[in-house]
Each structure stands twice: as C-alpha cells, then as structure tokens.
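[1] Fold the stuff below for me.
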Amino acid sequence: MSARLVDALLRLMRWPNVVLAASGVAFGAWWVGWGPLPDIALAATGAACLTITANVWNDLADIEIDRLAHPGRPLPSGLLSPRTARHIATVSGVLGVALEAAVSPALGALSVIVVALMFAYSPWIKRTGLLGNIVVAVLASLPFLYGAWVVGRPRAAIVLVMIAVPLHLAREVAKDLEDAPADAGSRRTLPVSAGASVAIAVLSVASLAFLLLLLPFAAGRPRFAAAAVPAAALVLYAVGIAVRGHRGSPLVFKLAMVCAMAAFLTARP
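    You can find the predicted model right below:
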C-alpha cells in the first residue's frame, strides 16, 4: 500500500476525530474511577470504528458538494472510490457495534441507534439545519458516556456530556458557515436557511454556554481554573474568527476540545 493511499484513507476517516473519540471513552472511564482495561480498550476501539463510519458516510453523501467546498478530499479528488468508502463505512459500523456489544449488550443496543442516526445524518438530518447540528453535537459527546458505562456509572459522565455538547455545537455551526456557499444549492443548513448572522449568534451562544458550564469546576479549583484558560481563550478566538467571516474556526474549536479535556484532568471528583 502506497504512502499516498494510506494518507487518503487516514484523511477519509479523519483520524484526529477518531483519536478524539477513543480518548473520550478512556477519559470517561477515568472520570468515574477507571475499570477493567480490556473492556475500556474494546469500547474505545468500538467508538473509533463508529467515528470512522460517521465520517466516511458523511463524505459519501457530500461528494458533489465537496467538489466545490473541499475538492482535495479523497473522494471528490478521485484518490478513493465511493465503493471502497462504502466498504470501509460498513465494516467499521458492524465492527463498532460488535465491540460495544461485547462490552455490554445495552451499550451495543445504544450503538445500533447511534449508527442509525449517523446513517441518516448526512442525507436527511443535516438538511434540517440547527436540529442536525444538535444531533451531531450529542453524538460526538457520547464517548464520555461510553467510557463511564463500561465502568458501570454512566450517570456520572452526564456532566461531561453536557459540557461537551455546546462546544461541539459551536464547531458544527462553524463548519456549516464555511461550507455555506457550496451548500446553498442543495442543503438548508442554518447559515443557508437563516443567514450567517443567525448562525454566528447560535455559535456565540453555544460558546458562551460552554464557558459558563466551566465555572462550577473553576470555583475552588485554582489548578483547573488555570488549566482551563487555554481552552477558554481558544473558544473566544474561534468565535472571533467566525464573526470576522474568516476561515479556520472549526479547527480552533477542535483544539479547544483537546485543551478542555486536558484541563479536566485536574478536576476529577
């Protein structure tokens, strides 16, 4: 396998998102007290597979749009065929559900629902605008719940999910803002249907909600307060990029997610 093909596969899968999902599972397990490492590893690998499925399905549904918005991606550029991508998505989805079910039948059942939502997201749910953004924000926040579920304490991770959702929501809206010119003829995303100003307002409110949800953890925890400064600064910077109409805010939001996880390493109950 050539280096060029490997690079195309990794970009199709969006490997940084895959790593984030697997790390989220491990973090969720650690947050509630850790647990059996083999089960955590299985759940993390399963979450990585589910993330691959979501990303590949998204690119399959967006091939024509990406010819305008992202022509260098593996599918619109012709580096990989849609048939290969469909095989990858199918195998990853089946493997992801199987791995989660091996850890817990209930987690496997949840993963079936997750896969169904992932499959419906790009062709249908994404076209609903803000609802689509909310759905993907919730799905992207579930790895924390998965990790806590492995340990047997899923409720203890709800606070992490609640904090992660608005940050993911802000990033999703930021992505739609950047893709609005290409989406205009085929999708009713929030910027397309309501305008860029409304999308920026939603993005800003979601970012503010994320920052406000950090405050209870910062109170009485000076180490966390200091560690959370980079995440907060990056969120504000990302909002500023979006407000000015420049590109790049989705990546900054992703970096903020990584910094926020690092900060929470100092705040475990």
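
[2] isn't residue 189 right next to residue 183, touching?
    Yes: applying CB atoms under 8 Å, one finds residue 189 in contact with residue 183, separated by 5.1 Å. All C-beta spots, glycine's among them, are computed from the backbone N, C-alpha and C.

[3] tell me, what's touching the two both at once?
    residue 176 (CB atoms under 8 Å, 6 or more residues apart in numbering).

[4] how about this protein, which residue sits the furthest from its center?
    Ranked by distance from the centre of the chain (CA atoms, centre = their mean), the top residue is residue 220, with 30.0 Å.

[5] Please identify the helix or strand for it.
    Element membership for residue 220, per DSSP states H and E: none, as it lies in no helix or strand.

[6] any idea how far it is from residue 238?
    28 Å (CB to CB, to the nearest Å).

[7] what do you get for residue 88?
    Distance of residue 88 to residue 238, given as CB to CB: 30 Å.

[8] and these two? which has more neighbours close in?
    Neighbours of residue 88 and residue 238, each counted by other CB atoms under 10 Å, are more numerous for residue 238; the result is 25 against 20.

[9] which ones are touching the more buried one?
    So residue 238 contacts 170-171, 174, 207, 249-250, 252-253, 256 (CB under 8 Å, 6+ apart).

[10] and with 7 Å instead?
    The contact partners of residue 238, by CB atoms under 7 Å, 6 or more residues apart in numbering, come to 174, 249, 252-253, 256.

[11] Check the residue lying closest to residue 172 once chain neighbours are set aside and give its pLDDT.
    Closest residue in space to residue 172, ignoring its immediate chain neighbours: residue 133 at 4.3 Å, by CB to CB, 6 or more residues apart in numbering. We note a pLDDT of 92 for residue 133 in this prediction.

[12] Please apply the same query to residue 254.
    Model confidence at residue 254 (pLDDT) stands at 93.

[13] tell me which element the closest residue to it other than its chain neighbours falls in.
    Spatial nearest neighbour of residue 254, chain neighbours left out: residue 171 (6.5 Å); criterion: CB to CB, 6+ apart. Element membership for residue 171 (DSSP H and E) is helix 158-183.

[14] same for that helix, what does it pack against?
    Applying 3 or more CB pairs under 7 Å, 6 or more residues apart in numbering; DSSP states H and E, one finds that helix 158-183 contacts helix 63-69, helix 130-151, helix 190-194, helix 196-218, helix 222-243, helix 249-264.

[15] Tell me which residues are up against the first one.
    Contacts made with helix 63-69 from outside it, assessed by CB under 7 Å, 6+ apart, are listed as 59, 73, 75-76, 82, 179, 182-183, 186.

[16] can we see that at 8 Å?
    For helix 63-69, using CB under 8 Å, 6+ apart, the contacting residues are 59, 62, 73, 75-76, 82, 178-179, 181-183, 186-187.
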